[in-house]
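[1] got a predicted model here, sequence first, then my questions.
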Amino acid sequence: MENQKSGFILLYRSVLKQPWAKDVFLRTLWENLLMQAARQPYTANFRGTQWPLQTGQLVTTTVDLGLNLCDREGKPTSRHAVDRMLDIFEREGMISRAGEKRKGTVITITNYAEYAQKTDDLPALKPAHIAELKPAHDEASNGAASEGDAAHSGEHKPAQLPAHHEQQGNNNNKNLKRSSSRNSHESRNDATEKFLSRHPEAIGGIYTPAGKSWGTAEDLRAAKWIFAQLLEVNASLSEPKWVEWANTIRLMRLQDSRSHKDICSLLKWASKDEFWKNNILSPSSLRRQWDTLTTRRLNGQSAGQPKTGASTLDNTDWINGVFK
C-alpha cells in the first residue's frame, strides 16, 4: 500500500501485442516515461530553468533517459539510441516532444489519464479483507519455497540488506525534498498570480512562473508561424523554447514598435534571401539584424521579393496563410 500513496501506473496487457514491446529497452523506456510524468500541473526546475509542466508531461534529455536504461553490465544507453526509441513512440502517436534536445525536452504522453491512477480512485481495502488475504499469501509463499530457494535466498540476503537500508535513506531524503518542493511550488504559484494580475494580457498566452519571460496568445501564434516558415528552409530545426520566442516578439512590439505584421513580413523576406535564410533562424536574430534587413529589403537586394517589399498582411489575418 505504501507505493499507492503517490499513485501508480496501469500497464495494459495489450502492450505486449505491440511489435515494439518485444524490445526490452523500448518497453522499459516506456514504463520509465509513464512513471516520471507529472500527475498534476507543476513547475519543474531542470538544469537551472523553470519548466511549467502539465499532467502527463516530463522534462528530460536523451542522456538522462539513457542513464536509467542500462544493460546487465550497467552501461547506459546512448542518447542517439534513446532518440531513435523516442522517434518510434512519436510515430506510434504515444508521445510528442518539444524543446531543445541538449537543454531539455518536454515529453507529453498522449492519453496519459488512461495510465495514471490515484488511491482516491480505488475502492477502500477493509482491514478484515487485508487480514484474510495475508495468511493465504504467506501460506502460498512458504509452500512454494524449496531448499534450493532457501539457499539462494541466504546467498543474496547480506547484499540485499544494505541496499534496502540505503533505499530507506533515499526515500527519507526524497520526502524532505518533496516537502521543500511543495513549499517552493506554492511560492511560485503566488509569484505567478502576482504576475498575471499585473499583466492580464498574458492569460491565454505563455509565460514562466514569475513572468520573467512571457508573451500574449498572439505573440505565441506569431512564434509558431515563424517556426513553420523556418522549417520550410531547414526541416531539421529543433523545436524552440516557445516562451523565449514569444517574449522576444513581445519586446519587438513594445520596445521596438514593430507590429506582428512587420515582424512576420520581414522574416518571410529574409527566408527567401540566399544569404539571410541561413542566418535568421529565430526572432532574436531577426531583431538583431532588423535595420540591416530592412535596408537591404528597401534597396531590393533580394531575388525572392519585389523591390517595394509589398505585403498583403493586415492586422488580423497575418497568421492565416498570407504568404502563399
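    Received the coordinates, thanks. Because the structure is a prediction, the values reported are computed rather than measured.
[2] what are the buried residues along stretch 62-82?
    Of the residues in stretch 62-82, those buried by neighbour count under the rule 16 or more other Cβ atoms under 10 Å are Thr62, Asp64, Leu65, Gly66, Leu69, Pro76, Thr77, Arg79, Ala81, Val82. C-beta here means a position set from N, CA and C on the backbone, and glycine is covered the same way.
[3] so who does the first one touch?
    Residues near Thr62 by Cβ atoms under 8 Å, 6 or more residues apart in numbering: Arg79, His80, Val82, Asp83, Leu86, Lys101, Thr105.
[4] ok, 10 Å please
    The neighbourhood of Thr62, defined by Cβ atoms under 10 Å, 6 or more residues apart in numbering, consists of 77-86, 101-102, 105.
[5] least trustworthy position among the residues you listed, going by pLDDT?
    Going through these one by one, the lowest pLDDT turns up at Lys101, 64.
[6] so where's the protein uncertain?
    1-7, 101-102, 117-188, 301-324 (pLDDT under 70).
[7] now Ile109, nearest residue through space, not along the chain?
    Of all residues not flanking Ile109 in the chain, Gly56 sits nearest, at 4.6 Å (Cβ to Cβ, 6 or more residues apart in numbering).
[8] phi first, then psi, for the one you found.
    phi 90, psi 10 (degrees, to the nearest 10).
[9] okay, it and Ser96: tell me how far apart.
    Here the criterion is Cβ to Cβ, to the nearest Å. By it, Gly56 lies 10 Å from Ser96.
[10] spatially nearest residue to Pro283, not counting backbone neighbours?
    Spatial nearest neighbour of Pro283, excluding adjacent residues (Cβ to Cβ, 6+ apart): Thr248 at 4.1 Å.
[11] count the neighbours of Glu90 for me.
    Counted with other Cβ atoms under 10 Å, residues neighbouring Glu90 total 14.
[12] hang on, the earlier thing: and the residue nearest to Pro283, that one's in a strand?
    No - counting by DSSP: H, G, I helix; E, B strand; the rest coil, Thr248 is located in no strand; its state is helix.
[13] that one: neighbouring residues, count only.
    Thr248 has 21 neighbours, counted by other Cβ under 10 Å.
[14] check contacts around it.
    Contacts were defined as Cβ under 10 Å, 6+ apart; by that measure Thr248 touches Ser213, Gly215, Asp219, Ala223, Ile263, Ser282, Pro283, Ser284, Ser285, Leu286, Arg287.
[15] mind listing which of the residues you listed are in strands?
    Those of these mapping onto strands are Gly215, per DSSP state E.
[16] TSV for the contacts of Thr248, including neighbour count and distance to Gln50?
    Rendered in TSV, the data for those read as follows (neighbours: other Cβ atoms under 10 Å; distance: Cβ to Cβ, whole Å):
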residue	neighbour count	distance to Gln50
Ser213	19	10
Gly215	27	16
Asp219	28	19
Ala223	26	18
Ile263	25	26
Ser282	19	20
Pro283	26	20
Ser284	16	19
Ser285	16	24
Leu286	23	25
Arg287	17	23
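[17] of all the contacts of Thr248, which comes closest to Arg47?
    Using Cβ to Cβ, Ser213 is the member of these that lies nearest Arg47, at 16.0 Å.
[18] ok, the closest one touching Tyr207?
    Yes - under the criterion of Cβ atoms under 10 Å, Ser213 makes contact with Tyr207 at 7.0 Å.
[19] shared neighbours of these two, anything?
    With Cβ under 10 Å, 6+ apart applied, the overlap between the contact sets of Ser213 and Tyr207 consists of Val243, Ala246, Asn247.
[20] excluding its backbone neighbours, what's nearest the last one?
    By the measure of Cβ to Cβ, 6+ apart, the closest residue to Asn247 outside its immediate chain neighbours is Ser213, 3.9 Å from it.
[21] repeat that for the second one.
    Of all residues not flanking Ala246 in the chain, Gly215 sits nearest, at 2.6 Å (Cβ to Cβ, 6+ apart).
[22] the one you found reaches Lys241, doesn't it?
    No - contact criterion Cβ under 10 Å: Gly215 and Lys241 do not qualify, at 11.4 Å.
[23] what's the helix or strand for Thr43?
    Thr43 is located in strand 42-46, with elements delineated by DSSP states H and E.
[24] other residues contacting that strand?
    Taking Cβ under 10 Å, 6+ apart as the criterion, the residues outside strand 42-46 that touch it are 38, 50-55, 57-61, 64, 103-106, 181-182, 184-185, 188-189, 191-192, 208-210.
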